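Undergrad: Got a sequence here, can you build the structure:
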Amino acid sequence: MQTDKLSVTLSALADPTRRGILARLATGEATVKELAEPYDMSLAAVSKHLKVLEGAGLISRGKDAQYRPCKLEAGPLRDVDGWLESYRRFWEESLDQLEVYLAELQKGDPDGTPN
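TA: Below is the predicted model of the structure:
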């Protein structure tokens, strides 16, 4: 079964450890050992998370002998942002309508009774 790229990306982002790894990589490249430091898990477990992130295209790994730094790849995150844009517009419009409604309420009597 083939899954679309957005679904693969969202699946990879569903795990808090993987989101934490991406947050760390947003500050610069890091090795598996450096990425594992904040977590109470083995290097093998962190490597499994990295494979998921790599499979989703969210990270790339260097190929310098034993030193294989991981690097954030933002392309799939732009795709998620694009997908969320319509929902962002919905919430902004809803908040704008709420603001108008609240302004109308404030024009009424201070004790809350209608004009």
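
Undergrad: Mind giving me the packing neighbours of the helix or strand containing Glu99?
TA: Per DSSP states H and E, Glu99 falls inside helix 75-106. Other helices and strands packing on helix 75-106, by 3 or more C-beta pairs under 8 Å, 6 or more residues apart in numbering; DSSP states H and E, are helix 5-13. The way it works is simple: take the backbone N, C-alpha and C, and place the C-beta from them, glycine included.

Undergrad: Quick one: distance of the helix it packs on to the chain centre.
TA: With C-alpha atoms, centre = their mean, to the nearest Å as the basis, helix 5-13 stands 10 Å off its chain's centre.

Undergrad: what's the angle from that helix to helix 75-106?
TA: Orientation check (axes from the mean of the first three to the mean of the last three C-alpha atoms, to 10 degrees): helix 5-13 against helix 75-106 gives 80 degrees.

Undergrad: Just the buried residues of helix 5-13, please?
TA: Val8, Thr9, Ala12, Leu13 (16 or more other C-beta atoms under 10 Å).

Undergrad: between the residues you listed, which is closest to Asp79?
TA: Thr9 (6.4 Å; C-beta to C-beta).
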